[in-house]
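Engineer: Got a sequence here, can you model it:
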Amino acid sequence: MSELVRYTVDGNVARLTLDSPHNRNALSTALVEQLHGGLRKAREDAGVRTVVLGHTGGTFCAGADLREAAGREPGEVAVDRARELTGTLRAVLESPVPVIAAIDGHVRAGGLGLVGACDIVVAGTGSTFALTEARIGVAPSIISMTLLPKMTPRAAGRYFLTGEKFGAQEAERIGLVTVATDDVEPTVAELAAQIGRGSPQGLAASKALTTAALLRAFDRDAAALTEQSAALFVSEEAREGMLAFLEKRPPRWAG
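Structural biologist: Below is the predicted model:
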């Protein structure tokens, strides 16, 4: 299996680098498995105080790997893919090691759920974000669990529906991003250094306070939202939407 998530350690900082630029770091099954593995390594390394989740290429994460999904019957992959995404977001939330997202590129669809799950998010001012699910006949069902607690209600109401792009400064204004900056790496390094002054116990307990409500929402809503996501994914509208996306043409909605 090729290495799609690189794991390195520098001092007390573990770096997880999404390294699948050929599909814009889409959430393929292999990438998700390797991301889980990297989070486990960081958790098991007593010297690690911070995880920095970064990327190669011009896209942090494009969301679901639609080409991978298109290669199998939708009914075979829908529930598994939804569960993979739920498990990935939960793994970031449950990590006792704080996770900083270092974004210097674009984020789309399910990739925003990953952003919402991180504790701190630093984004370059050239980064763009978009929730494009409705444009292919689905909805941001599962990722709503990490996005709605972070975004302002008005912003969620707008961007969940329009699918339009917005920039890093807007993402900071609406609560999705912690810091929008021209200097991503120096900002990440300074934040990691500040976190590194904390004790493992203190950091884990402090993070748990900030994620407790989100994890309760996962316990309450994840099963229903996973079911909704899978049902939308196998619908005729979604089939047409994904085909139109892959064929680079406007979708022909029937309804």
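Engineer: in the chain, what spans have low per-residue confidence?
Structural biologist: 1, 68-77, 255 (pLDDT under 70).
Engineer: and the gap between residue 55 and residue 210?
Structural biologist: Per C-beta to C-beta, to the nearest Å, residue 55 is found 24 Å from residue 210. (C-beta placed from N, C-alpha, C; glycine too.)
Engineer: nope, residue 174 is what I meant
Structural biologist: For residue 174 relative to residue 210 (C-beta to C-beta), the value is 18 Å.
Engineer: neighbour-wise, which of these two wins?
Structural biologist: Using other C-beta atoms under 10 Å as the criterion, residue 174 and residue 210 rank with residue 174 on top: 19 against 11.
Engineer: Hmm, residue 151 and the more buried one touching each other?
Structural biologist: Yes - assessed by C-beta atoms under 8 Å, residue 174 is found in contact with residue 151 at 5.1 Å.
Engineer: Show me whatever sits in contact with both of those two.
Structural biologist: Common neighbours of residue 174 and residue 151, using C-beta atoms under 8 Å, 6 or more residues apart in numbering, do not exist here.
Engineer: Next up, the contacts around the spatially most central residue of the chain.
Structural biologist: Ranked by distance to the mean C-alpha position of the chain (C-alpha atoms, centre = their mean), the top residue is residue 114 at 1.7 Å. Contacts for residue 114 (C-beta under 8 Å, 6+ apart) come out as 27, 53, 61, 88, 89, 92, 101.
Engineer: quick one: which of these is nearest residue 44?
Structural biologist: Ranked by distance to residue 44 (C-beta to C-beta), these are led by residue 92 at 16.0 Å.
Engineer: neighbours around that closest one, how many?
Structural biologist: For residue 92, the neighbour count with other C-beta under 10 Å is 23.
Engineer: Quick one: residues contacting it.
Structural biologist: Residue 92 neighbours (C-beta under 8 Å, 6+ apart): 39, 53, 99, 114, 117, 118.
Engineer: and if we set it to 6 Å?
Structural biologist: With contacts defined as C-beta atoms under 6 Å, 6 or more residues apart in numbering, residue 92 is in contact with 99, 117.
Engineer: Kindly report the same for residue 243.
Structural biologist: Taking C-beta under 6 Å, 6+ apart, we find residue 243 in contact with no residue.
Engineer: Tell me how far it lies from residue 236.
Structural biologist: Counting by C-beta to C-beta - residue 243 and residue 236 are separated by 11 Å.
Engineer: unless I'm mixing things up, residue 180 is touching residue 172, no?
Structural biologist: Yes - here residue 180 reaches residue 172: they are 4.2 Å apart, a contact under C-beta atoms under 6 Å.
Engineer: Neighbour count: these two, which is higher?
Structural biologist: Taking other C-beta under 10 Å, residue 180 and residue 172 do not tie; residue 180 has more neighbours (22 against 18).
Engineer: Determine the set of other helices and strands touching the helix or strand encompassing that one.
Structural biologist: Residue 180 belongs to strand 179-181 when assigned by DSSP states H and E. If contacts are counted by 3 or more C-beta pairs under 6 Å, 6 or more residues apart in numbering; DSSP states H and E, strand 179-181 sits against helix 168-173.
Engineer: What residues of the longest helix anywhere in the chain count as buried?
Structural biologist: Across the chain, the longest stretch assigned as helix under DSSP state H is helix 200-233. Neighbour counts over helix 200-233 (16 or more other C-beta atoms under 10 Å) mark 203, 207, 211, 214, 217-218, 221-222, 225-226, 228-230, 232-233 as buried.
Engineer: and the next helix or strand after that helix with helix 200-233, angle?
Structural biologist: Once the chain leaves helix 200-233, the next helix or strand it forms, by DSSP H and E, is helix 236-247. For helix 236-247 against helix 200-233, the angle by axes from the mean of the first three to the mean of the last three C-alpha atoms, to 10 degrees is 100 degrees.
Engineer: Quick check: the gap between residue 205 and residue 234.
Structural biologist: Taken as C-beta to C-beta, the span from residue 205 to residue 234 is 42 Å.
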